[in-house]
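Peer 1: The amino acid sequence is not available; the structure is as follows:
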């Protein structure tokens, strides 16, 4: 019998199952109200528009081309739409600045692959997107805590990285309605990150899957837009912007993109070629058609529905949470971040919550590169409707109150 | 301005553009007869069946599910079809032994990621599939030449790997109608590989995208089937079988699979989760429907057409190649491998061939991990019809004859 463990690469020791992906299985139990997965409501997907797009492509003269291998950088029609979309965000770019990826998750994997050797350092927030930690983990970097609100000097970061035998390769952030905190970086924090990355001469990874889901307040300019302005054009920037259709039109087609200097995009194309040749042309052509016709109206509708769910959750929290519990008030996205009173453990709470209250969420420690944050948790308001949200928060409030009482 | 080169990981130094992918661009020039890409004829894709499948899914009650995130291991319905297909090949397995990948190329990337640390050795044939070298290169292994026909003792391989600071992690082969040689390993060679891998206690990667495209002779049992028999069941085997729908139904959906012991599949699922979450559910559900209804009849039809093209190319080579040129006679697949007289350089020939004869092929050095094989080249017979094949071979024969003459 094969002794597999002895055959695996060192990096395999850092690979763990995502608690969130495991929690997705709870969604199949109809009596569980899930605030766990950061997943869109499938009722909102424009499935009629996709149906027409696939029928048009597969019934048309380009069917053979759509079912054939394609170029690794992605379909020109979709890259053109994305370049125009980026232009609307204040980023002047061409299709040569765009690589189509199989979801923005694949973009993060490729960025890890391109930049990280085992002795290198990646700056990430505590907490941060779990999937980014998982993607980067395969390349065995050291993680160092990045705090955009603090004024820690670049030399501090550089020294730590140097002592570990490498250097800081990039700072990873999700500036708008971040997963898991729901928080948004203001303009000053963004400028500080750009300045820090300049001092460190490192790249910036701007993960922006929720960018289009703003429910109030003015948009803050993307890091890449600020970088373009300061450096004199996209081909002189240091920022890799990871976009996604998963939270706007559908996660099922697995379509995202990286927008960056053409020099670095051309390296990422080589990685794409070696790792899966290309993202399906058929899906890219279908997404291009649906985005061209429906993106603005569809996203406006999605925004209004998610806004009402966010409002419902914030109102329910205000009403039903026991004292000592705190949470964020996100201006967009899908997530509210909660802090329980010190000493409470969200992982233990989850067991009680699922068993007795039939409510699911994600314990916050999963999002900490150092395993901290035991008393934190993430609530997603995108999946359940407003009625279920209130019911779920009432039940969750009761479980927390009982846990607080029994801990006394 | 960012100095990108200094920011890249070490592995980036091994990433090169595929000459084949670059050559794909020649396909757009209508007067070039391409024997270059190993790509199926799009006229043969069952586009009507795909059209019906997408319409059925997107118009049905499961549309939301098909456009949503899915489980990393892949859709159960498709994994069930694949498990039954593997059973027909003599491999008794369940859906737990199957991971759906975005093409078999992604399977190779994940296998490299799971097994290879930088000091490790991968055994590969000289020549071998270029895409495998590219996928593994990202994990910086040492490549050592594997010759299934020779009786080199395991200790030799082990010593070389040990001196390099690691060990042999796997032997990679494509046993049926290999890319690029078209050659098939006989039963004795397959048993020898199994025995060698047993002695080295390493894995075997059986890359089998062309397995279903046999035009004559009896099928040889897959390495995984022999391994199941010898070891007492799939969960005790050391072979990872990489399958693909790209050469049977369509490469455009980017669907392949790994079939292996459930223990190693569960590790590969973690890699999938971290690198792109899941392959599109919509495509998997569409492929399951098309495979269930059309696989056998469609593949039989494809086989008969490719067989006639192989026959046309072999006949034309016999008739029109100058003396001193040799080539393989494949029993299936898409490729014929050619050896030019010593001293001729296929890369130089390609320039002349495209410019004056308007015929494209792939120079053989691309397929050699050591860059050797300058006088070899690969011809693909899957894309052009029989008439164009004869015209192309006549033109190629003339160019080679002229090159031989001018080299005298």
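Peer 2: In hand now; what should we look at? None of the values given here were measured: they were computed from a predicted structure. Numbering: from 1, shown residues only, chains lettered A, B, ... in the order given.

Peer 1: distance between the strand or helix carrying residue A:299 and the chain's centre?
Peer 2: If you go by DSSP states H and E, residue A:299 is part of helix A:281-320. For helix A:281-320, the distance between its averaged C-alpha position and the chain's averaged C-alpha position is 15 Å (C-alpha atoms, centre = their mean, to the nearest Å).

Peer 1: Which elements pack onto that helix?
Peer 2: Helices and strands touching helix A:281-320, as assessed by 3 or more C-beta pairs under 8 Å, 6 or more residues apart in numbering or on different chains; DSSP states H and E, comprise helix A:47-58, helix A:63-66, helix A:76-88, strand A:335-339, helix A:386-407, helix B:281-320. Just so you know, the C-beta spots here come from the backbone N, C-alpha and C atoms, and that holds for glycine as well.

Peer 1: which of those has the lowest average pLDDT?
Peer 2: Considering those one by one, the lowest average pLDDT is found for helix A:386-407, at a mean of 93.

Peer 1: okay, and the helix or strand of chain A with the least pLDDT?
Peer 2: The weakest-scoring helix or strand in chain A, judged by mean pLDDT, DSSP states H and E, is helix A:19-23 (a mean of 64).

Peer 1: rewinding a little: please tabulate the helices and strands packed on helix A:281-320 in a markdown table and include distance to residue A:273 and mean neighbour count as additional columns.
Peer 2: Formatted as a markdown table, those follow (distance: least, C-beta to C-beta, whole Å; neighbours: other C-beta atoms under 10 Å in any protein chain shown):
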| stretch | distance to residue A:273 | mean neighbour count |
| --- | --- | --- |
| helix A:47-58 | 24 | 21 |
| helix A:63-66 | 19 | 20 |
| helix A:76-88 | 16 | 18 |
| strand A:335-339 | 35 | 22 |
| helix A:386-407 | 44 | 17 |
| helix B:281-320 | 20 | 19 |
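
Peer 1: picking that back up, what's the helix or strand that the helix holding residue A:299 is followed by in contact with?
Peer 2: As assigned by DSSP H and E, the chain's next helix or strand after helix A:281-320 is strand A:326-327. Contacts to strand A:326-327, defined as C-beta atoms under 8 Å, 6 or more residues apart in numbering or on different chains, come from residues A:317, A:321, A:336-339, A:379.

Peer 1: and strand A:326-327, which strands flank it?
Peer 2: Strand A:326-327 pairs in its sheet with strand A:335-339 (antiparallel), by DSSP bridges.

Peer 1: Check what pLDDT the residue nearest to the spatial centre of chain A gets.
Peer 2: Nearest to the geometric centre of chain A sits residue A:209, at 5.4 Å (C-alpha atoms, centre = their mean). Predicted confidence (pLDDT) for residue A:209: 97.

Peer 1: Would you confirm that it contacts residue A:241?
Peer 2: No: between residue A:209 and residue A:241 no contact is recorded; they are 10.9 Å apart, counting by C-beta atoms under 8 Å.

Peer 1: on that earlier part again, any idea which of the contacts of strand A:326-327 is the one closest to chain B?
Peer 2: Chain B lies nearest to residue A:379 out of those, by C-beta to the nearest C-beta, at 18.3 Å.

Peer 1: low-scoring stretches of chain A, by residue?
Peer 2: Residues of chain A meeting the criterion pLDDT under 70: A:1, A:18-28, A:408.

Peer 1: domains of it?
Peer 2: A:15-46+A:296-403, A:68-294 (automatic domain parsing).

Peer 1: Next one: residue A:141 relative to chain B, how far apart?
Peer 2: With distances defined as C-beta to the nearest C-beta, to the nearest Å, the gap from residue A:141 to chain B amounts to 10 Å.

Peer 1: ditto for residue A:395
Peer 2: Spatial separation of residue A:395 from chain B under the definition C-beta to the nearest C-beta is 25 Å.

Peer 1: looking at it, that residue is touching residue A:359, isn't it?
Peer 2: Yes: when contacts are counted by C-beta under 8 Å, residue A:395 is listed as touching residue A:359 (5.1 Å).

Peer 1: what residues are shared contacts of the two?
Peer 2: With contacts taken as C-beta under 8 Å, 6+ apart, the residues that reach both residue A:395 and residue A:359 are A:33, A:353.

Peer 1: Where does residue A:253 sit: helix, strand or coil?
Peer 2: What DSSP: H, G, I helix; E, B strand; the rest coil gives for residue A:253 is coil.

Peer 1: Not counting sequence-adjacent ones, nearest residue to it?
Peer 2: Taking C-beta to C-beta, 6 or more residues apart in numbering or on different chains as the measure, residue A:253 lies nearest to residue A:283, with 4.5 Å between them; neighbours along the chain are not counted.

Peer 1: Surely that neighbour and residue B:279 touch.
Peer 2: No: in this structure residue A:283 lies outside contact range of residue B:279 using C-beta under 8 Å: 10.8 Å.

Peer 1: mind listing what residue A:383 touches?
Peer 2: A:27, A:34-35, A:37, A:39-41.

Peer 1: residues in contact with the closest residue to residue A:56 other than its chain neighbours?
Peer 2: The spatially closest residue to residue A:56, leaving aside those adjacent along the chain, is residue A:289, at 7.0 Å (C-beta to C-beta, 6+ apart). Contact criterion C-beta under 8 Å, 6+ apart gives A:49, A:52-53, A:56-57 as the residues in contact with residue A:289.

Peer 1: distance of residue A:289 from residue A:282?
Peer 2: 11 Å (C-beta to C-beta, to the nearest Å).

Peer 1: Likewise for residue A:195?
Peer 2: Note on residue A:195: its distance to residue A:282, by C-beta to C-beta, is 43 Å.

Peer 1: repeat for residue A:211
Peer 2: On the measure of C-beta to C-beta, residue A:211 and residue A:282 end up 26 Å apart.

Peer 1: where do the strands sit along the stretch 101-250 of chain A?
Peer 2: Secondary structure of the stretch 101-250 of chain A, counting by DSSP state E, counting those that start in this stretch: strands at A:121-124, A:142-145, A:168-173, A:203-207, A:239-244.

Peer 1: does any bit of the third one sit next to chain B?
Peer 2: Right, the one you point to is strand A:168-173. Yes: with C-beta under 8 Å from any C-beta of the partner chain as the threshold, strand A:168-173 lies in contact with chain B, specifically through A:169-170.

Peer 1: and what of the first one?
Peer 2: No: with C-beta under 8 Å from any C-beta as the measure, strand A:121-124 is seen stopping short of chain B, the closest distance being 11.4 Å.

Peer 1: Relative to the whole chain's centre, how far out is that strand?
Peer 2: Centre-to-centre, strand A:121-124 and its host chain are 16 Å apart (C-alpha atoms, centre = their mean).

Peer 1: same thing with the second one?
Peer 2: Relative to the chain's own centre, strand A:142-145 is displaced by 18 Å; criterion: C-alpha atoms, centre = their mean.

Peer 1: So what are the sheet partners of it and their directions?
Peer 2: Paired neighbours of strand A:142-145 in the sheet (DSSP bridges): strand A:121-124 (parallel).

Peer 1: hmm, who's touching the partner strand?
Peer 2: A:112, A:116, A:132-133, A:136, A:141-146, A:157, A:160-161, A:164, A:166-173, A:202, A:369.

Peer 1: do stretch A:146-153 as well
Peer 2: Under the criterion C-beta under 8 Å, 6+ apart, residues A:123-126, A:171-173, A:185, A:189-190, A:192-193 lie in contact with stretch A:146-153.

Peer 1: Any idea how far apart the tips of it sit?
Peer 2: Counting by C-alpha to C-alpha, to the nearest Å, the length from the leading to the trailing residue of stretch A:146-153 is 11 Å.

Peer 1: so which of the domains of chain A is the most packed in?
Peer 2: Across the domains of chain A, averaging neighbours per residue (mean count of other C-beta atoms under 10 Å in any protein chain shown) puts domain A:68-294 on top, at a mean of 22.
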